[in-house]
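Visitor: one predicted model, sequence on top.
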Amino acid sequence: MTDLLRIHPEVRAALESRRPVVALETTLVAHGFPGGVGGEVAAEAERRVRVSWAVPATIGVIDGRICVGLEAGELERFATSPDARKVGPRDLAACAMAKELGATTVGATLAVCRAAGIGFMGTGGIGGVHRGWEHSLDISADLGELGRTEALVVASGAKSILDVNATAEVLETLGVPVLGWRTEELPLFYKADGGPPVSQRVESVEEAAQVAQFHWRLGRHSGILLARPPDESLDVEPLIEAGVQEAANRGIRGQAVTPFVLSYLHDKSDGQTIEVNKKLIVENAALAGEVATAYSKLA
């Protein structure tokens, strides 16, 4: 394992002493924002995890190693390199073997969490069932990893470019609890309400941590989604429909759909979606740190 994973000394020390660690992905750094903005967002997310008394472990593939915890220069490399490959769970080994720069998705990050023993993660939104799935069966590998990884993931629901109702159904089928952070509805990423009902509302980080503890003590080897609504709600459904249609018109499919539609939204909303996205990523990372810290205090 040690020849495949490069675990940062700070992260390794935290894991060995059972201190709270929060994983962060790198796809949002490389593909989620224009002009290197992703690096600034990721650095702020790491800072907010530290403020919560947890250790950030940003994950990515660099020069043949799967890195768990990055230096500042490495984080900037993901933000500025046009060659960063979007890496899902299936791609980790191939990307490492080819010594490519690989930005991990939620699913790939969870796969590394399972290998490294990290139980908490913060992100913007998870992948899920894509619109039009009945024709293409396009379903994100994020869901499969959530179904098999003992990690609590804080996100603002599924990305709103997806079929959120179908995504919620698959999460239920996989036995993944969907907790609502002070809400009874699954957020729609940019929009705070309007999604399907969550399986349980929680009001505090201690409550979320205890649900996670009970879930895993029961031998349930799945992840948990803690859905936190964005602080500023933005309804961009007409733009999403237009962006998804434009992607279809251009023949864009698979992993390329999400970054294309996100870029389309950023452009057509005059940057409003960028601002919401930046804030929710940082706040979700902070909440993940708080829950991880609360979990570390449980007997």
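Guide: Structure's in. What do you need? Only a predicted model underlies this, so the values are computations on that prediction, with no experimental measurement involved. Residues are numbered from 1 along each chain as shown.
Visitor: may I see the buried residues of stretch 81-88?
Guide: Buried positions in stretch 81-88, judged by neighbour count with 16 or more other C-beta atoms under 10 Å: 84-88. (Glycine included, C-beta is placed from N, CA and C.)
Visitor: contacts for that stretch, please.
Guide: Outside stretch 81-88, the residues that touch it by C-beta atoms under 8 Å, 6 or more residues apart in numbering are 26-27, 30-31, 61, 77-78, 91, 95, 100-105, 107-108, 141, 255, 259.
Visitor: nearest residue to the middle of the chain?
Guide: Thr123 (3.4 Å; C-alpha atoms, centre = their mean).
Visitor: pretty sure that one sits against Leu152.
Guide: No - contact criterion C-beta atoms under 8 Å: Thr123 and Leu152 do not qualify, at 11.6 Å.
Visitor: ramachandran angles for Lys191?
Guide: phi -110, psi 130 (degrees, to the nearest 10).
Visitor: can you tell me the element Arg12 falls in?
Guide: Per DSSP states H and E, Arg12 falls inside helix 9-16.
Visitor: how about the helices in the protein?
Guide: 9-16, 27-31, 37-51, 72-80, 92-97, 106-116, 133-136, 141-146, 164-173, 205-217, 237-249, 257-268, 272-296 (DSSP state H).
Visitor: dump the ones you listed to JSON lines, plus mean pLDDT.
Guide: As requested, the helices of the chain are exported to JSON lines (pLDDT from 0 to 100):
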{"stretch": "helix 9-16", "mean pLDDT": "98"}
{"stretch": "helix 27-31", "mean pLDDT": "91"}
{"stretch": "helix 37-51", "mean pLDDT": "96"}
{"stretch": "helix 72-80", "mean pLDDT": "93"}
{"stretch": "helix 92-97", "mean pLDDT": "96"}
{"stretch": "helix 106-116", "mean pLDDT": "98"}
{"stretch": "helix 133-136", "mean pLDDT": "76"}
{"stretch": "helix 141-146", "mean pLDDT": "97"}
{"stretch": "helix 164-173", "mean pLDDT": "96"}
{"stretch": "helix 205-217", "mean pLDDT": "98"}
{"stretch": "helix 237-249", "mean pLDDT": "86"}
{"stretch": "helix 257-268", "mean pLDDT": "83"}
{"stretch": "helix 272-296", "mean pLDDT": "95"}
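Visitor: just send these back as JSON lines, with mean neighbour count too.
Guide: Converted to JSON lines, the helices of the chain look like this (neighbours: other C-beta atoms under 10 Å):
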{"stretch": "helix 9-16", "mean neighbour count": "16"}
{"stretch": "helix 27-31", "mean neighbour count": "27"}
{"stretch": "helix 37-51", "mean neighbour count": "21"}
{"stretch": "helix 72-80", "mean neighbour count": "17"}
{"stretch": "helix 92-97", "mean neighbour count": "17"}
{"stretch": "helix 106-116", "mean neighbour count": "25"}
{"stretch": "helix 133-136", "mean neighbour count": "12"}
{"stretch": "helix 141-146", "mean neighbour count": "24"}
{"stretch": "helix 164-173", "mean neighbour count": "19"}
{"stretch": "helix 205-217", "mean neighbour count": "18"}
{"stretch": "helix 237-249", "mean neighbour count": "16"}
{"stretch": "helix 257-268", "mean neighbour count": "20"}
{"stretch": "helix 272-296", "mean neighbour count": "23"}
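Visitor: perfect, I'm done here.
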